[in-house]
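1. sequence isn't available, so here's the structure alone:
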C-alpha cells in the first residue's frame, strides 16, 4: 500500500487554499492518508466552524469507499440503494467536496475533504488539491 | 437458544469469500451470533475501509429483527412505517447485504453482513454465506 | 507503507487460537492492518462477550503507538507520565494482550489484540499470533 | 476577542516540526483557535496514529483551561482536586504537550498540542511552537 507523505498532503492543502482564494471562498481543508487517518488540516480565517468536522468526514468518506463523496450521495437518497448509509462509520458526509487522492501510478494514497461554501465550490477546491499531487 | 459455532461462522465467511472472488468483488464479511455479538470477520485485501463498519452493522441489523436488512429498508423510507429506524441501536444499516443464518432445524442462530460492492452483489455474497450453514 | 494481507491476518488468528486451546483458554482475537483498521476477527466458542471490544481496542492501541499495550499501561497509572491516556481515541486498552505485527523485514504491518483470560494468558496468545507472521 | 490566524497557526506548526526534527522525534501537531476549534494540523511521516487524537485533545485542553495540560494533570490524580476531570468534554488529555498560545500583547489567542514521543519531548516541541508566535 502506497501512502501519502506530509509533503504531498501540504501541497494538496496549499493548492486547494489557492483555489479557494481565487474563487472568493473560505474553506476548511482536510487530508487523510491511505488508512483514512488525518494527515493535514487547515481552516482559513473566518471559515465556518461547522465545516471542521465536515471537511474531515468528507475526506474519510472518500477514502472509505474510494470515490468522490457526491457519488455516494446520489445513492443514499430516499429510495436509493444506499439510503441512510450516513449512519455508519460514526457519521459519513455524502455530498460533494471529498475526493480520493492518487499518486502518479494511479494508486489511491489518501483523500481530501473540503467544506465551507456551496458543494460545487467545495468540490472545485477539492479537485485543485487532488490535481496538485498527480 | 441454539447458537452459531466459530466453525460454522468460519464456514459462512469462507463460502461468502469464495462467492465474492467468483463474481469479482472485494468484500468485508461479518458474522454475529444469536446474541447479535461479533463472532467472525474478514476484510479481503483492498476491500473498502468504510465497509468494515457497514458489514458489522448489516449483520447486527439482520439479527436484531430476524429478517434481511433490505426488508427493513423498504419500511424506513420517508413516509414508511419505520422511518429513520437507522437512528436506533448506535446506527442500523437497512439496505441489502445482511441476512439471518438458520441451522438445519430452521432456528436463527446468527446473521451475516456483507459490504464492499453494489447492494445486489453484497446480498448475493451474503446468501452464499447463509447457504453454507443450512 | 507495507500492509498485512488477509492471508497473514488469518495465519495470526489461527496460530493464536491454537495457543489458546493449548493453554486451555477461550479467546477473542482481533487483527488490524497498518492503518489500524480491522482486518480479521474470531471469537472462540464460549469466550467472553465483553472481550469482543477489548480485543479490538488492544489491537488498535498496539498499532496506534507501535508497542505492546502493556508498555503503555505501565505509564498510564496514577502518577505516571501518561495518566488517563485511555480517554483518547474513543477508548484505549492499555493492559497486556495487544502487540504490533512486523513482517520479515521488521516493518510494522498491523497488530493483534487478544482478550478472554488473564492478561498474562492474553499476552502469551497474542505473541503466538505475532510469531506466526515473522 | 483576539484570535489566531491561519498564518500564525502554520508558523507555530512549522516551528514545532523543526524542533521535532532537531530532537529526532516524529510528532502530531495541532493548533486550535481562541474558540478551542481546530485551526491547523500536521502529522509527520511515521508519527504515531494514536497521537492524532491526543495532539488535538491536548490543544483543546490547554485552551479550555488556559494553562499547560501538565498543570491540570497534577490536579487530576487520585485524591487530587480535579480527580478524573478527563471524563469531561468528550475526553481531556492532562499530561504535558498542550500549551496556550499568546499574542505579543499577552492575550491567549489559541493553543498548541503535540503528541508522538515522551511527554517531555512533546512539551519541548509545543514550546517551540508557542515561541514562534510571541
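-> Received the coordinates, thanks. This one's a predicted model, so the numbers in the text were calculated from it and none came from an experiment. Numbers count the residues shown, from 1 in each chain, chains lettered A, B, ... in the order given.
2. Provide the partner residues of the residue nearest to the spatial centre of chain A in its beta bridges.
-> Centroid check for chain A by C-alpha atoms, centre = their mean gives residue A:113 as the closest residue, at 1.7 Å. Legend: beta-bridge partners of residue A:113 under DSSP bridges are residue A:30, residue A:98.
3. show me what the top helix by length along chain A is in contact with.
-> Longest helix of chain A, by residue count under DSSP state H: helix A:6-22. With contact meaning C-beta atoms under 8 Å, 6 or more residues apart in numbering or on different chains, helix A:6-22 is reached by A:26-27, A:29, A:31, A:33, A:39-42, A:44, A:101, A:109-110, A:112, A:114, A:116-117, A:121, A:124-133, D:42-45. (C-beta placed from N, C-alpha, C; glycine too.)
4. can I have the buried ones of those residues as a PyMOL selection?
-> Here the buried members of the contacts of helix A:6-22 are turned into a PyMOL selection, burial being counted by 16 or more other C-beta atoms under 10 Å in any protein chain shown:
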select buried, (chain A and resi 26+27+29+31+33+39+40+41+42+44+101+109+110+112+114+116+117+121+124+125+126+127+128+129+130+132+133) or (chain D and resi 42+43+44)
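5. show me the contacts of helix A:6-22 that map onto helices.
-> Those of the contacts of helix A:6-22 lying in helices (DSSP H): A:121, A:124, A:125, A:126, A:127, A:128, A:129, A:130, A:131.
6. do stretch A:61-80 and chain C meet?
-> No: if you take C-beta under 8 Å from any C-beta of the partner chain as the test, stretch A:61-80 misses chain C, and the best it gets is 9.5 Å.
7. end-to-end on that stretch?
-> 18 Å (C-alpha to C-alpha, to the nearest Å).
8. just list whatever residues bridge to residue A:108.
-> residue A:102.
9. residues from chain A in reach of chain D?
-> A:5-6, A:9-10, A:33, A:35, A:37-45, A:49, A:52.
10. okay, now the unreliable bits of chain A?
-> Within chain A, no range satisfies pLDDT under 70.
11. which residue sits closest to the closest residue to chain D within chain A, ignoring its sequence neighbours?
-> When you check chain A against chain D by C-beta to the nearest C-beta, the closest residue turns out to be residue A:41, at 3.9 Å. Counting by C-beta to C-beta, 6 or more residues apart in numbering or on different chains, residue D:41 is the residue found nearest to residue A:41 once chain neighbours are left out, at 3.9 Å.
12. who does that neighbour bridge with?
-> According to DSSP bridges, beta-bridge pairing links residue D:41 with residue A:41, residue D:30.
13. I'd say the residue of chain A closest to chain D and residue A:29 touch.
-> Yes: using C-beta atoms under 8 Å, residue A:41 is in contact with residue A:29, at 6.9 Å.
14. touching both of the two, which residues are there?
-> With C-beta under 8 Å, 6+ apart as the test, residue A:41 and residue A:29 both reach A:13, A:55.
15. now do the contacts for the residue of chain A closest to chain D.
-> A:13, A:28, A:29, A:30, A:31, A:52, A:55, A:56, D:38, D:40, D:41, D:42.
16. apply 10 Å and report the result again.
-> Taking C-beta atoms under 10 Å, 6 or more residues apart in numbering or on different chains as the criterion, residue A:41 is in contact with A:9, A:13, A:28-32, A:52, A:55-56, A:59, A:113, D:30-31, D:38-43, D:56.
17. what about the residue in chain A that chain C sits nearest to, how many neighbours?
-> Scanning chain A for the residue nearest chain C gives residue A:35, at 1.9 Å (criterion: C-beta to the nearest C-beta). Other residues within reach of residue A:35, judged by other C-beta atoms under 10 Å in any protein chain shown, total 21.
18. that one and residue C:60: what is the separation?
-> Distance, residue A:35 to residue C:60, by C-beta to C-beta, to the nearest Å: 11 Å.
19. what's the overlap in contacts for those two?
-> With C-beta under 10 Å, 6+ apart as the test, residue A:35 and residue C:60 both reach C:32, C:36, C:37, D:49.
20. return the distance of residue A:9 relative to residue A:30.
-> 10 Å.
21. more neighbours, these two?
-> The residue with more neighbours, out of residue A:9 and residue A:30, is residue A:30; 34 against 28, by other C-beta under 10 Å.
22. quick check, the more buried one in contact with residue A:52.
-> Yes: with contact defined as C-beta atoms under 10 Å, residue A:30 and residue A:52 form a contacting pair (8.3 Å).
23. overlap in contacts of these two?
-> In contact with both residue A:30 and residue A:52: A:41, A:43, A:115, D:38, using C-beta under 10 Å, 6+ apart.
24. pick the one among those residues closest to residue A:91.
-> residue A:115 (13.4 Å; C-beta to C-beta).
25. contact partners for that closest one?
-> Taking C-beta under 10 Å, 6+ apart as the test, what residue A:115 contacts is A:27-30, A:43, A:47-48, A:50-59, A:93, A:95, A:97-98, A:121-122, A:125-126.
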